[in-house]
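Asker: Following is a predicted model, sequence given first.
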Amino acid sequence: MSRGRPPSGPRLVESLEGSGLAKQRLKVILQTVAGELSIPQACTQLSVSEARFHELRAELLQLAVQQLEPKPSGRPAQQVSPEAAQVAALQRQVIELRIDLRAAQIREELALLMPHVLKPRTEAERRRHLEELQQDLEKKQTPWDASSSAKNSTPKNSAKSGRAST
């Protein structure tokens, strides 16, 4: 013996929203599915042919199956309207154009302050400039370069002189 409330079955339809005719049709179809009513009796109550009844029942069951299909969990993704997508694209474009404008302004300021930077050098000027840089490097010795060369030469001389004296 089962415990709990007895199943409501087709009587559940009465608590649903909808017109009286729609509720009556659903109740009759559910009674045939539950075996409480035969198909000819249902057709008589609904005043439809058996073919139409089978169509209604198949349609109802198909809709029920569709509603019971598993759906992804969580909220559905927001549908972005074409206008909102266009606004977002235009905002991105405005930001990019502002960046490009600022870069052009900086290039202009550099051109005004240092025009020699923008003037292309000839091959001869490049060679001369490279030679000047090399000469500057040779003239400028860092403290560790000068001390290391002095240390390297000093011990050799002192070592020789030290051997000679002993």
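Answerer: Structure received.
Asker: wouldn't Val13 be in contact with Arg25 here?
Answerer: No: counting by CB atoms under 8 Å, Val13 does not reach Arg25; the two are 9.3 Å apart. Heads up, the C-betas are built off the backbone N, CA and C, glycines and all.
Asker: Count the neighbours of Glu55 for me.
Answerer: For Glu55, the neighbour count with other CB atoms under 10 Å is 12.
Asker: That one: which element?
Answerer: Here Glu55, judged by DSSP states H and E, is contained in helix 50-67.
Asker: again, but for Arg126
Answerer: helix 123-139.
Asker: quick check: mean pLDDT across that helix?
Answerer: Mean per-residue pLDDT for helix 123-139: 87.
Asker: Kindly report the same for stretch 84-99.
Answerer: 95.
Asker: So for it, what gets flagged as buried?
Answerer: Across stretch 84-99, burial judged by 16 or more other CB atoms under 10 Å covers no residue at all.
Asker: What of stretch 27-35?
Answerer: Buried, per 16+ other CB under 10 Å, within stretch 27-35: Lys27, Val28, Ile29, Leu30, Gln31, Thr32.
Asker: can you redo those as JSON lines with pLDDT and distance to Leu61?
Answerer: Compiled in JSON lines, the buried residues of stretch 27-35 are given as follows (pLDDT from 0 to 100; distance: CB to CB, whole Å):
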{"residue": "Lys27", "pLDDT": "88", "distance to Leu61": "15"}
{"residue": "Val28", "pLDDT": "89", "distance to Leu61": "14"}
{"residue": "Ile29", "pLDDT": "89", "distance to Leu61": "9"}
{"residue": "Leu30", "pLDDT": "88", "distance to Leu61": "10"}
{"residue": "Gln31", "pLDDT": "89", "distance to Leu61": "14"}
{"residue": "Thr32", "pLDDT": "90", "distance to Leu61": "11"}
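Asker: from these, which ones fall inside helices?
Answerer: Lys27, Val28, Ile29, Leu30, Gln31, Thr32 (DSSP state H).
Asker: how far away is the first one from Ser15?
Answerer: Between Lys27 and Ser15 the distance, using CB to CB, to the nearest Å, works out to 12 Å.
Asker: what about the residue most central in space within the chain, is that helix, strand or coil?
Answerer: Centroid check for the chain by CA atoms, centre = their mean gives Ala77 as the closest residue, at 13.0 Å. Classification of Ala77 using DSSP: H, G, I helix; E, B strand; the rest coil returns coil.
Asker: Output the longest helix belonging to this protein.
Answerer: helix 82-113.
Asker: Could you list the low-confidence segments of the chain?
Answerer: 1-2, 9, 118, 141-166 (pLDDT under 70).
Asker: No further queries at this time; thank you.
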